[in-house]
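Asks: Got a predicted structure plus its sequence, pasted below:
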Amino acid sequence: MPTDFVQAYGHKVAVIIDCFEVFIERPGDLLACASTWNIYKHHNTIKFLIGICPQGTISFISKAWVVTQVINI
């Protein structure tokens, strides 16, 4: 485990949870294309939730999911 985590949390950490985003090719279906479009990155993307044990092993990876972004004007 990184020394910063040990100093901040001791040995009480069971899993470190994070998300990561992956660029994908533009889907052929217009609905899928619109739902995967990321306005901030200007690409089609999908996200994954990941859990990592303090020893560095990956304990969980979710199925890919899409975050729909809403723009408030």
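Replies: Right, received. Where do you want to start? Numbers count the residues shown, from 1 in each chain.

Asks: Could I get the average pLDDT for stretch 58-70?
Replies: Stretch 58-70 shows a mean pLDDT of 84.

Asks: what comes into contact with it?
Replies: Residues outside stretch 58-70 that contact it (CB atoms under 8 Å, 6 or more residues apart in numbering): 15, 22, 35-36, 38-40, 46-53. C-beta here means a position set from N, CA and C on the backbone, and glycine is covered the same way.

Asks: so where's this structure uncertain?
Replies: Applying pLDDT under 70 to the chain flags the ranges 1, 68-73.

Asks: and with 90 instead?
Replies: Filtered on pLDDT under 90, the chain yields the residue ranges 1-16, 27-43, 53-56, 65-73.

Asks: Tell me where it has helices.
Replies: Under the criterion DSSP state H, the chain contains helices at 3-9, 30-36.

Asks: okay, the ones you listed in JSON lines with distance to Val67 next?
Replies: Shown next, in JSON lines, are the helices of the chain (distance: least, CB to CB, whole Å):
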{"stretch": "helix 3-9", "distance to Val67": "27"}
{"stretch": "helix 30-36", "distance to Val67": "9"}
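
Asks: Out of the ones you listed, which one sits most buried?
Replies: Of all these, helix 30-36 carries the top mean neighbour count, a mean of 13, counting by mean count of other CB atoms under 10 Å.

Asks: Now do it: everything it contacts.
Replies: If you take CB under 8 Å, 6+ apart as the criterion, helix 30-36 is touched by 24, 26-27, 44-46, 66, 68.

Asks: any idea which of those has the most stuff around it?
Replies: Asn44 (19 neighbours; other CB atoms under 10 Å).
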